[in-house]
Structure formats: C-alpha cells, structure tokens
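Q: quick one: sequence and predicted model below, then my questions.
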Amino acid sequence: MHRLLIGIVLVLFGALTAVALYQHGYWGIVAPHFQSTGAGQVFADLVIALVLVLIWIWKDARALGRNPWPWVFATLALGSFGPLVYLLTRQPSPEVTSSKESRDS
C-alpha cells in the first residue's frame with residue numbers, strides 16, 4: 001500500500017514538473033524564488049526539508065547496506081524525485097520485517 005501511494009505521488013509530481021518545465025523551463029521554475037523574501041522563505045524551507053531527508057537517507061541506506069551517494073546526487077540534482085525513488089525502491093531491513101511479523105502473531 002505504501003509503495004502504491006509513493007508511486008502515485010511520484011507520477012503526479014512528475015506530471016506537474018513536466019508541465020512546469022514545458023511552460024517555464026528550468027530557470028523559470030527556480031528564478032521566482034529569488035524575487036521576493038516570501039518566495040525565498042519557501043525555497044529555504046524546501047532546502048532545509050531536503051537536507052533533513054538526505055540525513056535520513058544517508059543513515060537508512062548505510063544501515064541497509066545500500067550506497068547512499070546515488071540518492072544524495074539524485075536529490076541534489078532532481079529535488080524530491082531522489083527521495084521518492086529511494087522510498088519506492090527501499091527494501092525493509094530483516095530486523096524490521098521480523099519484528100513486524102512477531103507483532104502480528
């Protein structure tokens with residue numbers, strides 16, 4: 001169920017991004033964030049949120065034996081697409097699976 005929701009968000013966000021890129025281009029998406037303090041605040045909030053997500057991805061990927069660098073680069077280059085794809089491809093650790101199974105029993 002979680003993967004389905006993540007997939008839906010990824011597709012809808014991808015469609016929104018495609019339309020925005022088509023209508024405004026890459027710089028047209030980024031430039032407005034430097035035209036007012038209100039827009040700058042939204043951009044700063046996005047940067048802070050993505051840095052927090054990157055810290056979590058780094059720790060989670062290392063704990064699961066995955067290389068975190070591709071996800072760091074994807075997030076820096078593509079924004080939220082990196083974490084969304086990470087979550088879509090993430091396999092739970094054996095400890096999480098076994099503890100969930102023991103709770104369900």
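A: Arrived safely.
Q: point to the residue nearest the middle of the protein.
A: P83 (2.4 Å; C-alpha atoms, centre = their mean).
Q: for the helix or strand hosting that one, which positions count as buried?
A: Per DSSP states H and E, P83 falls inside helix 81-89. For helix 81-89, a neighbour-count test (16 or more other C-beta atoms under 10 Å) marks 82-87 as buried. C-beta here means a position set from N, CA and C on the backbone, and glycine is covered the same way.
Q: mind showing which ranges of this protein have poor pLDDT?
A: Counting by pLDDT under 70, the low-confidence segments of the chain come to 1, 93-105.
Q: any idea how far stretch 29-38 is from the chain center?
A: Centre-to-centre, stretch 29-38 and its host chain are 21 Å apart (C-alpha atoms, centre = their mean, to the nearest Å).
Q: over to stretch 7-14?
A: On C-alpha atoms, centre = their mean, the centre of stretch 7-14 falls 11 Å from the chain's centre.
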